[in-house]
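Chemist: model this:
(chains A and B)
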2 protein chains.
Amino acid sequence: MQIVVLAGGVGGSRFVSGVRAAYPDAQLTVIVNTADDVTMHGLRICPDLDTMTYTLGRGIDPERGWGRAGETWRVKEELAAYGLEPTWFGLGDLDLATHLARTQLLAAGLPLSEVTRRITARWLADDPRLILLPMTDDVVETEVAIADPAADGGRRWLHFQEYWVRLRAQPDALAIRRRGIEATRPAAGVAEAIAAADLILIAPSNPVVSIGPILEVPGIRTALRTGNAPVVGFAGILGGAPVLGMAHRLLPAIGVEVDAAAVGRHYGSRAACGVLHLWVMDSADAASAAGLEADGLHVAVTGLIMSSPDATAEFIRLAVKALPSSAL
Amino acid sequence: MQIVVLAGGVGGSRFVSGVRAAYPDAQLTVIVNTADDVTMHGLRICPDLDTMTYTLGRGIDPERGWGRAGETWRVKEELAAYGLEPTWFGLGDLDLATHLARTQLLAAGLPLSEVTRRITARWLADDPRLILLPMTDDVVETEVAIADPAADGGRRWLHFQEYWVRLRAQPDALAIRRRGIEATRPAAGVAEAIAAADLILIAPSNPVVSIGPILEVPGIRTALRTGNAPVVGFAGILGGAPVLGMAHRLLPAIGVEVDAAAVGRHYGSRAACGVLHLWVMDSADAASAAGLEADGLHVAVTGLIMSSPDATAEFIRLAVKALPSSAL
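Modeler: Take a look at the predicted model:
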């Protein structure tokens, strides 16, 4: 069995741990968001790829949910002593080595997908049927507009990481843009994995800055719609709030309600030219199911709390069983 | 009083500590060798500038004589875990932050002299009359030829750091070359400091790979010879062996005996179109003094062991008093 997952970072990596627990023998390819990548201190940083790698490779800090277990911050403190900005980004010493490895391999001319293969070789050696692919080998950077009366047009564009980490998503996000996305292509292997898949899962990651960019890479949406595999999406919004993270701060910027049903409509049913064969919502949102079904989007309702890989595996198996026969 | 010192790394920085102890109120400009700089893991590393900075800024590891006190090696171990070479270079976490700072400032387009000013601002803030300048803002890299029967012409060229650190200078050095030196110019401020100096001191650093390159930067030798300041050189070879380091492994490659008098002749007297007004040798080499004097090179003999800044200051003051009146 070949499974493809589209995913972001913290929530996405917990979800993939559950997929692996549900299907221990499947060939599992994870297409990871790279639209919140950033260059800091000359280092190329891919937060979602790293969170996914460390989580699946059992190197993650389990309390923070990102970065390395046993991390220290000596280099970062030194950079601050030199007065070099930014100082607000969590650049741990162990994590920094990953960025340094990536930066030098990219500088040597390797595409990000090959760099990722080399980096993950260290972490995922005991699961040779698990492959992490960046959504694209091209550079995309997400920016968020916030109100700034002093700026042209009353708004100022920030790199997503500055909005997310430095400002902790406190100012209202007025708009989102992804610089460079129109010119990207799917990374080597992405379209092939989608075409060969028996099952495609959309993780309950942030719809705006994690899943959104993957679907916007030219070619990926078409590959999903023309492939034979059923596409099952999982809501990351439960009872009107994100189960993890701060998606509620960003959904308004793209005109989508902070609501599981609204996100399902945003991804869209096959009938409505969207990508979903099935949308999976938490029991807290059961009341919305009938309306979605009436609009042609198949829905499954179950508990969606990812309290452990086994708990996650259970709701994934349940959801797959709920796929309408028309999707199989 | 304005003093200029030409210097390399470990020995050079001890010497400069002595110069500062001897002349606490002087404007002191150190022109530092950059010909053993190297790029590793994408980071620009300037070993002599860093050793000088950390020593004068009291951040040096006193036992090793290079690198930072309280150093750790977490990033280096991680890079090795990724299989990234080289693993033989001592890239400490604190030290790495300096390289990362330098690399990003260079990438932003600043010349090395300005980058050095910014880095040393942190370390030398309590001595505003002390300035460190790289010998040049241009890139020079020293290479060493060793025998290799399998290579073209039976010799193979290595970066100096690979010869020095990885091979610990064990193979005979057959030849030395400095890639790029012909095209260099003195860094911003170097020629001006020499022209304005009242006294110029050549540290007892390695004549082949520390002082040699400084004198080879087009314009520096001429500046020394046309300036008004007397030039006093200090022997780093005592009784036929280097007081520090491995100069004895390199002098044969440039055809100079491992002998204080031979190094003095190599730098040359003013009369012989060299740079020296006075050559200072250790008492162990007193027997050679008469021969040098007969050849027109003024010589002072004293103890040259740099056991403390005060001991170093003492022999520097003695040497300056021994300058022939013709040089003043």
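
Chemist: Residue numbers of the stretch 101-250 of chain A in contact with chain B?
Modeler: Taking CB under 8 Å from any CB of the partner chain, the part of the stretch 101-250 of chain A that reaches chain B is made up of A:A101, A:T103, A:Q104, A:A107, A:R118, A:I119, A:R122. Just so you know, the C-beta spots here come from the backbone N, C-alpha and C atoms, and that holds for glycine as well.

Chemist: A helix includes the third one, no?
Modeler: Yes. When classified by DSSP: H, G, I helix; E, B strand; the rest coil, A:Q104 is found to be part of a helix.

Chemist: before we move on, back to that, between the residues of the stretch 101-250 of chain A next to chain B, identify the one with the most neighbours.
Modeler: The most crowded member of those, judged by other CB atoms under 10 Å in any protein chain shown, is A:A101 (24 neighbours).

Chemist: Which stretches in the stretch 201-328 of chain A count as strands?
Modeler: Assigned by DSSP state E, counting those that start in this stretch, the strands in the stretch 201-328 of chain A fall at A:231-234, A:237-238, A:241-242, A:278-282, A:299-302.

Chemist: Would you tell me which of the ones you listed gets closest to A:A261?
Modeler: Of all the strands of the stretch 201-328 of chain A, strand A:278-282 sits nearest to A:A261, with 7.1 Å by CB to CB.

Chemist: For that closest one, the averaged confidence score.
Modeler: The predicted model gives strand A:278-282 an average pLDDT of 98.

Chemist: Stretch A:231-251 now?
Modeler: Mean pLDDT, stretch A:231-251: 93.

Chemist: Tell me the buried residues in that stretch?
Modeler: Neighbour-count burial for stretch A:231-251, counted by 16 or more other CB atoms under 10 Å in any protein chain shown, picks out A:231-238, A:242-251.

Chemist: How far does the lowest-mean-pLDDT helix or strand in chain A sit from its chain's centre?
Modeler: Scoring the helices and strands of chain A by mean pLDDT, DSSP states H and E places strand A:241-242 at the bottom, with a mean of 92. Distance, stretch centre to chain centre, for strand A:241-242: 16 Å (CA atoms, centre = their mean, to the nearest Å).

Chemist: Each with direction, which strands does it pair with?
Modeler: Sheet pairing for strand A:241-242, assigned by DSSP bridges, gives strand A:237-238 (antiparallel).

Chemist: Could you check how far A:M306 is from B:V243?
Modeler: Per CB to CB, to the nearest Å, A:M306 is found 65 Å from B:V243.

Chemist: correct me, but A:V140 touches A:I214?
Modeler: No. A:V140 is not in contact with A:I214 according to CB atoms under 8 Å; the separation is 10.3 Å.

Chemist: Which of these two has more residues huddled nearby?
Modeler: Using other CB under 10 Å as the criterion, A:V140 and A:I214 rank with A:I214 on top: 26 against 22.

Chemist: what sits against the more buried one?
Modeler: A:L6, A:I31, A:N33, A:M135, A:I220 (CB atoms under 8 Å, 6 or more residues apart in numbering or on different chains).

Chemist: what's the pLDDT at A:A272?
Modeler: Note on A:A272: pLDDT of 89.

Chemist: burial count for the residue lying closest to it once chain neighbours are set aside?
Modeler: Closest residue in space to A:A272, ignoring its immediate chain neighbours: A:G296 at 6.3 Å, by CB to CB, 6 or more residues apart in numbering or on different chains. Counted with other CB under 10 Å, the neighbours of A:G296 add up to 12.

Chemist: ok, now the one 4 residues further on?
Modeler: Using other CB under 10 Å, A:A300 is surrounded by 19 other residues.

Chemist: ok, the residue in the stretch 101-250 of chain A that chain B sits nearest to - contacts?
Modeler: Here the stretch 101-250 of chain A gets closest to chain B at one residue, A:Q104, 4.1 Å apart by CB to the nearest CB. Listed by CB under 8 Å, 6+ apart, the contact partners of A:Q104 are B:H41, B:G42, B:L84.

Chemist: Dump those to CSV, plus distance to chain A and neighbour count.
Modeler: Below are the contacts of A:Q104 laid out as CSV (distance: CB to the nearest CB, whole Å; neighbours: other CB atoms under 10 Å in any protein chain shown):
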residue, distance to chain A, neighbour count
B:H41, 5, 23
B:G42, 4, 20
B:L84, 6, 18
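
Chemist: List phi and psi for A:T142.
Modeler: Per-residue torsions, A:T142: phi -90, psi 140 (degrees, to the nearest 10).

Chemist: Also the one 4 residues further on?
Modeler: Dihedral angles phi and psi of A:I146 (degrees, to the nearest 10) take the values phi -120, psi 160.

Chemist: Grab the nearest non-local neighbour of it.
Modeler: A:P171 (4.1 Å).

Chemist: Surely the one you found is in contact with A:R155?
Modeler: No. Between A:P171 and A:R155 there is no contact under CB under 8 Å: 10.3 Å.

Chemist: Quick check: neighbours shared by the two?
Modeler: A:I146, A:A147.

Chemist: what about the helices in the stretch 151-300 of chain A?
Modeler: Along the stretch 151-300 of chain A, the stretches classed as helices by DSSP state H, counting those that start in this stretch are A:160-161, A:190-196, A:212-216, A:220-226, A:260-267, A:289-294.

Chemist: got the contact list for the fifth one?
Modeler: Read that as helix A:260-267. Identification of contacts with helix A:260-267 by CB under 8 Å, 6+ apart yields A:202, A:207, A:211, A:215, A:233, A:235-238, A:251, A:254, A:256, A:274-276, A:279, A:281-282, A:285, A:288-289, A:291-292, A:295, A:297, A:299.

Chemist: Are any of these buried, and if so which?
Modeler: Using 16+ other CB under 10 Å, the buried ones in these are A:202, A:207, A:211, A:215, A:233, A:235-238, A:251, A:256, A:274-276, A:279, A:281-282, A:285, A:288-289, A:292, A:297, A:299.

Chemist: where does the stretch 1-150 of chain A dip in pLDDT?
Modeler: Judged by pLDDT under 70, the stretch 1-150 of chain A has no weakly predicted residues.

Chemist: Show me what counts as buried in stretch A:95-104.
Modeler: Buried residues in stretch A:95-104, defined by neighbour count with 16+ other CB under 10 Å: A:D95, A:L96, A:A97, A:T98, A:H99, A:L100, A:A101, A:R102, A:T103, A:Q104.

Chemist: Can I get these in a markdown table including distance to B:P128?
Modeler: Below are those laid out as a markdown table (distance: CB to CB, whole Å):
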| residue | distance to B:P128 |
| --- | --- |
| A:D95 | 37 |
| A:L96 | 33 |
| A:A97 | 36 |
| A:T98 | 40 |
| A:H99 | 36 |
| A:L100 | 34 |
| A:A101 | 40 |
| A:R102 | 40 |
| A:T103 | 36 |
| A:Q104 | 37 |
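
Chemist: A:M52: which of those is nearest?
Modeler: A:M52 has its nearest neighbour among the buried residues of stretch A:95-104 in A:T98, at 12.0 Å by CB to CB.
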